[in-house]
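Visitor: Could you work out the structure for the sequence below:
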Amino acid sequence: MKISTRGRYALRFMIDLAQHDSREFIALKDISERQGISIKYLEQITSLLSKFGLLQSVRGPQGGYKLVKRPEEYTVGEILRITEGDLSPVACLAQKVNTCPRKGECATLKLWEGLSAAINEYLDSKTLEDLVSYMKEPEAMDYSI
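Guide: Residues are numbered from 1 along each chain as shown. So this is what the prediction gives:
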């Protein structure tokens with residue numbers, strides 16, 4: 001599994017909204033400049049996130065975007081599933097019911113199910129607030145002599 005640019009940029013966009021959350025709408029231009037992501041690309045991402053109810057938007061000169069919920073109520077898994085689709089490591093686990101004809105004799109199925117569970121549990125355990133707090137942590141001092 002590899003997270004695409006869209007998924008990574010969506011997380012950066014959502015983190016930026018959370019960091020600058022004053023309950024006011026934030027212009028896409030401002031986020032674009034801070035994150036170094038083109039407005040055109042952000043428009044595609046915001047369209048998707050708005051469609052799934054994660055963002056509130058207003059058009060016009062005083063318009064922009066803001067979070068619908070508090071940062072601690074968004075999970076990384078939720079954001080990535082919207083932008084990336086299913087996060088399963090293999091195609092046979094991408095549907096609710098595994099219809100693979102080799103399912104009964106697959107020696108690796110349990111491995112993939114475990115990996116899928118670990119990925120989803122980890123991403124669902126991390127919130128937007130966690131990512132914002134990671135930005136606030138001082139970097140570890142590394143002195144070499």
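
Visitor: tell me the secondary structure for D16?
Guide: Assigned by DSSP: H, G, I helix; E, B strand; the rest coil, the conformation of D16 is helix.

Visitor: list the contacts for S50?
Guide: Each residue near S50 by C-beta atoms under 8 Å, 6 or more residues apart in numbering is listed here: Q56, S57, Y65. Where you see a C-beta, it was placed from the backbone N, CA and C, and this is true even at glycine.

Visitor: Buried among the residues you listed? Make that a PyMOL selection.
Guide: Per 16 or more other C-beta atoms under 10 Å, the buried members of those correspond to this PyMOL selection:
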select buried, resi 65
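
Visitor: between the contacts of S50, which is closest to D30?
Guide: Proximity of the contacts of S50 to D30 (C-beta to C-beta) peaks at Y65, which lies at 10.0 Å.

Visitor: so the closest one bridges to which residues?
Guide: Y65 has the following beta-bridge partners by DSSP bridges: I26, S57.

Visitor: For the worst-scoring helix or strand of the chain on mean pLDDT, buried residues please.
Guide: Least confident helix or strand, the chain: helix 128-136 with a mean of 89, by mean pLDDT, DSSP states H and E. Buried positions in helix 128-136, judged by neighbour count with 16+ other C-beta under 10 Å: L128, L131, V132.
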